[in-house]
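Asker: show me the folded form of this:
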Amino acid sequence: MHSGKIVRVSLISFILLFLELLFIRLVGTEIRIFAYVSNLVLLTVFIGSSAGIFIKRRLSLESSVVCMTLLTGGIAFHVFSDITTLVAPFSDSFIWYSNTTATMVQITWGITQILFLFFVISLVFAPIGQYLGEVLSGNKHPVIFYSMNLIFSVIGMWVFYLFSFVNISPYVGILVAELLIIVLIPSEKRRTSLIFVGITLLCVLVSMPKTITVWSPYQKLSVEAEKYNDIMPNQKTISVNNVGYMSILDLSKQNTDRYKIQLIAHNIVSPSEINFQNLYDVPYLLKPEARDALIIGVGGGNDAAAALRASVRRVDAVEIDPQIIALGTQYHPEHPYTDKRVHIVIDDGRSFIRKSKERYDVIVMGFVDSHTTNSTMTNIQLDNYLYTVESFREVKNILKADGILYLFIDVPRVWMGERLQQTLTAAFGQKPLVFSLDSYFSGGGTVFIAGKDQNKLQEDVLRVSGLKQFIDKRKISYDNRTNILTDDWPYLYLKNQHVPMLHVIIACVLLAVFLLFGKRISLYSQFHWTSFFLGAGFLLYEFQNITKTSLLFGNTWITNLYTITGILLLALLANMTYLKHRVPLWISYVFLFLSFVLEVAIPTSYFSALPYGWRVLVAIFFLNAPLFFSSLIFISVFTRSTNRKSVLASNFLGSFVGGVLSFLSYAFGLHALLFVGMILYGLSFLFLNRTITRRFSP
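Answerer: Next comes the predicted model:
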């Protein structure tokens, strides 16, 4: 009987985290709005699990399977696909390829769809959370059972990432999760659940895309051929999360010469401007003698091909997503990735810049727009940390004496251009050269060029016949009316320093509904405030800790995997410590607050220059220290409680609130979260029961 309970707690813990990550990925990839607010899905999981544990009435796991089928079918058949269009005008943050106007009725309908989606997700996790609470509370060895919960949560996360690494669709993962839940359902009650598994399978098969689709560790990639324009033939286009992302273009000299003749013949482009139509070639017009080039976000290969056409001797091509490189290798007609001069590096761009010992004539940041990319635990926001003043200073450091940074990006909002211009000015000491480039060959956008030697950059522009006139005609000068981007506030797509209203409304409605049903779910009679504040502090700190770790090691899926694994293993170590030695609560709290003081006093940037091994030790022991001591406190509170289900449920609800409070970083920066975390942990201490507070014993 005891071993049976261990098996059940292990399986349900695995399912909980595995399924949680699947839904974050599925919703984030198929509904673009959640690429920016996908962490709200994580918070919905917490509030659903908490509600399930508080509910007295026994919930059936069959209902989880039914809700999973309804949700998966709705997403697969694009029932929620218009949410982005409906709520985009209401959002304080910019959302690519979205309308800018909508009626109040349309906005209300969009928010209603979001809330319905989150409500169904919470219904999926309520029975699972209740089942976990019952197994964890109904035994005489709570530390052992809670430790098994942590171990199999880690395993669930690693299996999810294995699915992503080998490009398995999350729809397949949903089917696996449904089958695992059925294992926990009594055999006589499995028929209905199996029917819904069959319906899920049917939905997945019927809705399978007709295009080539790859699920990378970061995103959903789709490849199809489409007509680029009237002059150029069909090109391969890669879509990311159902949004057009990049075209793989054949801009070889032979083809380009033919295109130029047709463009001039049809009076589409004047002869004086024809040589500046390919935005990929422009940096090498400025630097025809360039020998070393770095391309951040090399994508399908257009930038690398341009560098090779310019006879660059060495091209360091950095791309975070290995599957995009694979697609470029397979489909790019100029085959730049098979050229020995191109050195492919699968890494986060910021991480590579920081580690690089090379010096470059040209550094290209192309359309490094991961705005459609969701994350698996919180919002990754891959490109945010490439555009901060600290990042641009690091770029400047690896440029040669007369090297240039060539950055092009779509700037659909004036404040985005202002922010980039001001940030580059702060990093390089002078305003960058800014102009629009609407290229018939290669699309359009806004070009920002910053030189290590600005006078030499001006000379380079004058040296190219007709280039100065071309730039002057399209020159842009933004005002200085917005804040610059920093590692503490890196939110390129957020207009002002404040919490987006969409986040506030969704979070408040979810919490309000939960509280309104407080009496029905025994919330007010069983609530455990200490556990609540411990959960809030833990998730809030975890959010900013993932950010800090990504700045030390790169903002990659591997970094996130290792970071969260380390956090869960530290919680497990806290359990083992508690079994060996009952550390008094007051000592745990003293070290908890001491570790917070050190976090505030010593900035993460202090450790960036350390050798890799030392940085690993810092990430494990220094950055995670508060989580170890808070875990030690939680396991002490959990084991002593006479109502462990209430402790667990309150902790889940606290995690929801901690996640909501993490949105304060949009207003005050990431560092401010440390002070909020200290307040939450201080409140957890104040709400300890009088006996524990008086005796300071575990």
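Asker: can you get me a residue count around residue 148?
Answerer: For residue 148, the number of neighbouring residues by other Cβ atoms under 10 Å comes to 23. Using the backbone N, CA and C atoms, a C-beta is placed for each residue, glycine as well.
Asker: hey, C-alpha coordinates of stretch 120-130 in CSV?
Answerer: Output of stretch 120-130 as CSV, limited to C-alpha atoms (Å, rounded to 0.1, in the frame of the first residue of the first chain):
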residue,chain,number,x,y,z
VAL,A,120,-10.8,25.5,-19.1
ILE,A,121,-7.1,25.1,-18.3
SER,A,122,-7.8,25.5,-14.6
LEU,A,123,-10.5,22.8,-14.9
VAL,A,124,-7.8,20.5,-16.4
PHE,A,125,-5.6,21.0,-13.4
ALA,A,126,-8.1,21.1,-10.6
PRO,A,127,-8.6,17.3,-10.3
ILE,A,128,-4.8,16.7,-10.8
GLY,A,129,-4.0,19.2,-8.0
GLN,A,130,-6.6,17.6,-5.7
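Asker: isn't residue 30 up against residue 75?
Answerer: Yes: using Cβ atoms under 8 Å, residue 30 makes contact with residue 75 at a distance of 5.0 Å.
Asker: which of the two has more residues huddled nearby?
Answerer: Counted by other Cβ under 10 Å, residue 30 and residue 75 do not tie: residue 75 has more neighbours, with 23 against 20.
Asker: show me what contacts that one?
Answerer: 26-27, 30-31 (Cβ atoms under 8 Å, 6 or more residues apart in numbering).
Asker: show me what the biggest strand by length in the chain is packed up against.
Answerer: The single longest strand within the chain, with elements called by DSSP state E, is strand 399-409. Helices and strands touching strand 399-409, as assessed by 3 or more Cβ pairs under 8 Å, 6 or more residues apart in numbering; DSSP states H and E, comprise helix 282-286, strand 360-365, helix 389-397, helix 414-428, strand 443-451, helix 454-463.
Asker: now the first one: mean pLDDT?
Answerer: To tie it back to what came earlier, the one meant is helix 282-286. Average pLDDT, helix 282-286: 94.
Asker: hmm, back to that, JSON lines please, covering the contacts of residue 75 and showing secondary structure and pLDDT.
Answerer: Converted to JSON lines, the contacts of residue 75 look like this (DSSP: H, G, I helix; E, B strand; the rest coil; pLDDT from 0 to 100):
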{"residue": "26", "secondary structure": "helix", "pLDDT": "87"}
{"residue": "27", "secondary structure": "helix", "pLDDT": "85"}
{"residue": "30", "secondary structure": "helix", "pLDDT": "81"}
{"residue": "31", "secondary structure": "coil", "pLDDT": "78"}
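Asker: going through the residues you listed, which ones are buried?
Answerer: The neighbour count (16 or more other Cβ atoms under 10 Å) marks 26-27, 30-31 as buried among these.
Asker: with only the CA atoms kept, save stretch 536-546 in PDB.
Answerer: Output of stretch 536-546 as PDB, limited to C-alpha atoms (Å, rounded to 0.1, in the frame of the first residue of the first chain):
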ATOM      1  CA  ALA A 536       4.600  33.900  -3.600                       C
ATOM      2  CA  GLY A 537       8.100  34.600  -2.700                       C
ATOM      3  CA  PHE A 538       9.500  31.500  -4.200                       C
ATOM      4  CA  LEU A 539       7.900  31.900  -7.700                       C
ATOM      5  CA  LEU A 540       8.700  35.700  -7.700                       C
ATOM      6  CA  TYR A 541      12.300  35.000  -7.000                       C
ATOM      7  CA  GLU A 542      12.500  32.100  -9.400                       C
ATOM      8  CA  PHE A 543      11.300  34.500 -12.200                       C
ATOM      9  CA  GLN A 544      14.000  37.000 -11.700                       C
ATOM     10  CA  ASN A 545      16.600  34.300 -11.000                       C
ATOM     11  CA  ILE A 546      16.000  32.700 -14.400                       C
END
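Asker: give me the contacts around it.
Answerer: 39, 46, 377-378, 560, 563-564, 567, 623-624, 626-627, 630-631, 634, 654-655, 657-659, 661-662, 665, 670-671, 673-674, 676-677, 680-681, 684.
Asker: phi and psi next, for residue 413.
Answerer: phi -130, psi 140 (degrees, to the nearest 10).
Asker: stretch 639-654: how far from the chain's middle?
Answerer: What separates the centre of stretch 639-654 from the centre of its chain is 30 Å, taken as Cα atoms, centre = their mean, to the nearest Å.
Asker: could you list the buried residues of it?
Answerer: 639-641, 644-654.
Asker: out of these, list just those in helices.
Answerer: Among the buried residues of stretch 639-654, the members falling in helices (DSSP state H) are 639-640, 644-654.
Asker: okay if I get these as JSON lines plus pLDDT and distance to residue 122?
Answerer: JSON lines is the format used below for those (pLDDT from 0 to 100; distance: Cβ to Cβ, whole Å):
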{"residue": "639", "pLDDT": "91", "distance to residue 122": "28"}
{"residue": "640", "pLDDT": "88", "distance to residue 122": "30"}
{"residue": "644", "pLDDT": "89", "distance to residue 122": "22"}
{"residue": "645", "pLDDT": "89", "distance to residue 122": "18"}
{"residue": "646", "pLDDT": "90", "distance to residue 122": "19"}
{"residue": "647", "pLDDT": "92", "distance to residue 122": "20"}
{"residue": "648", "pLDDT": "93", "distance to residue 122": "16"}
{"residue": "649", "pLDDT": "92", "distance to residue 122": "13"}
{"residue": "650", "pLDDT": "93", "distance to residue 122": "17"}
{"residue": "651", "pLDDT": "95", "distance to residue 122": "17"}
{"residue": "652", "pLDDT": "94", "distance to residue 122": "11"}
{"residue": "653", "pLDDT": "93", "distance to residue 122": "12"}
{"residue": "654", "pLDDT": "95", "distance to residue 122": "16"}
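Asker: which among those residues gets closest to residue 356?
Answerer: residue 654 (42.0 Å; Cβ to Cβ).
Asker: before I go, just wanted to say thanks for your time.
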